[in-house]
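> Provided below for reference: sequence and predicted model.
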Amino acid sequence: MDFEPAVNVKTLARPTREEAESAVRTLLRWAGDNPDREGLHDTPKRVTRAYAEFFAGYEMDPIALLQRTFEEVEGYDEIVLLRDIRLESCCEHHMAPIIGRVHVAYLPHRRVVGISKLARVVDAFAKRLQIQEKLTAQIANTINDVLQPRGTAVIVEASHQCMTTRGVHKPGTTMVTSRMLGAFRDDPTTRRELLAMVGQPRSESFSG
Ligand SMILES: [Zn+2]
């Protein structure tokens, strides 16, 4: 499995909340403002709290999420597709939001997993500092390794605020990545069926 488990992060000494708040004050000064003015007084506190949400994935175990499966599926062995899962992530190069959607599909082999668990696996990897290519691969590899289905496919369409609001300033640009494993990689018919189910990427209904 090619992701670093949260345990690696935990071995690094974590700063105290006071240290983190003081770092935010430094960034406020770096932006050119005065952290002591009234409107910014509680900002370091709010930002450190918000980090707990933005980076909740470091506390989640994506493998554990997929442990509970159901085998009474009446032989169902067609594509299971969870479409349009909201993606909120953060680019590891600029710490800017990556906003988009994820489609997760697998071809069950005798067992299925609760669909909310698939969405939570997306969050477990999205709520970390990421690049979209790695995020896509991590979600697909984990589902494939743990559920051992006949195929796994993950398609991510996202807008990167580090290129829409800064740098080259190209709003409306979305990046599409995919990872296909098993039958989705090897069997063109299965792959076509999936792509028809997912439909064309629609970039109009999310904003980043
Ligand atoms: Zn970036």
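Received, thanks. Residues are numbered from 1 along each chain as shown.
> rest of the way, CA atoms for contacts and neighbours
Noted.
> show me what contacts the spatially most central residue of the chain?
By CA atoms, centre = their mean, the chain has its centre lying nearest to Ala126, at 2.3 Å. Under the criterion of CA atoms under 8 Å, 6 or more residues apart in numbering, the contact list for Ala126 reads Gly57, Leu87, Glu88, Ser89, Cys90, Leu135.
> next secondary structure after the helix-or-strand element of the chain with minimal mean pLDDT?
Using mean pLDDT, DSSP states H and E, helix 6-10 stands out as the lowest-scoring helix or strand of the chain, at a mean of 54. Remark: after helix 6-10, the chain's next helix or strand is helix 17-31, criterion DSSP states H and E.
> buried stuff in that following helix?
By 16 or more other CA atoms under 10 Å, the buried positions in helix 17-31 come out as Ala20, Glu21, Val24, Arg25, Thr26, Leu28.
> just stretch 164-181 next, same as before
Neighbour counts using 16+ other CA under 10 Å place Thr164, Gly172, Thr174, Val176, Thr177, Ser178, Arg179, Met180, Leu181 of stretch 164-181 among the buried residues.
> picking up where we left off before, so how far is the ion from the residue nearest to the centre of the chain?
14 Å (CA to the ion, to the nearest Å).
> what parts of the protein come near the ion?
Neighbours of the ion within the chain, by CA under 5 Å from the ion: Cys91, His93, His94, Cys162.
> how many residues are close by the residue nearest to the first one when sequence neighbours are not counted?
Leaving aside its chain neighbours, Cys91 sits nearest to Gln130 (5.0 Å; criterion: CA to CA, 6 or more residues apart in numbering). Under the neighbour criterion other CA atoms under 10 Å, Gln130 is assigned a count of 19.
> my read is that Gln130 contacts His94, right?
No - the pair Gln130 / His94 is not scored as a contact, 10.1 Å apart, by CA atoms under 8 Å.
> follow-up on the earlier one: adding pLDDT, write the buried residues of stretch 164-181 out as JSON lines.
Listed next are the buried residues of stretch 164-181 as JSON lines, based on pLDDT from 0 to 100:
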{"residue": "Thr164", "pLDDT": "90"}
{"residue": "Gly172", "pLDDT": "88"}
{"residue": "Thr174", "pLDDT": "94"}
{"residue": "Val176", "pLDDT": "97"}
{"residue": "Thr177", "pLDDT": "98"}
{"residue": "Ser178", "pLDDT": "97"}
{"residue": "Arg179", "pLDDT": "98"}
{"residue": "Met180", "pLDDT": "98"}
{"residue": "Leu181", "pLDDT": "98"}
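> out of the residues you listed, which is nearest to the ion?
Among the buried residues of stretch 164-181, Thr164 lies closest to the ion (CA to the ion), at 9.9 Å.
> ok, the closest one touching Thr174?
No - using CA under 8 Å, Thr164 is not in contact with Thr174, being 9.3 Å away.
> is it true that Thr173 touches Glu157?
No - in this structure Thr173 lies outside contact range of Glu157 using CA under 8 Å: 10.0 Å.
> who's in contact with Tyr106?
Contacts for Tyr106 (CA under 8 Å, 6+ apart) come out as Ile79, Val80, Leu81, Pro149, Arg150, Gly151, Thr152, Ala153.
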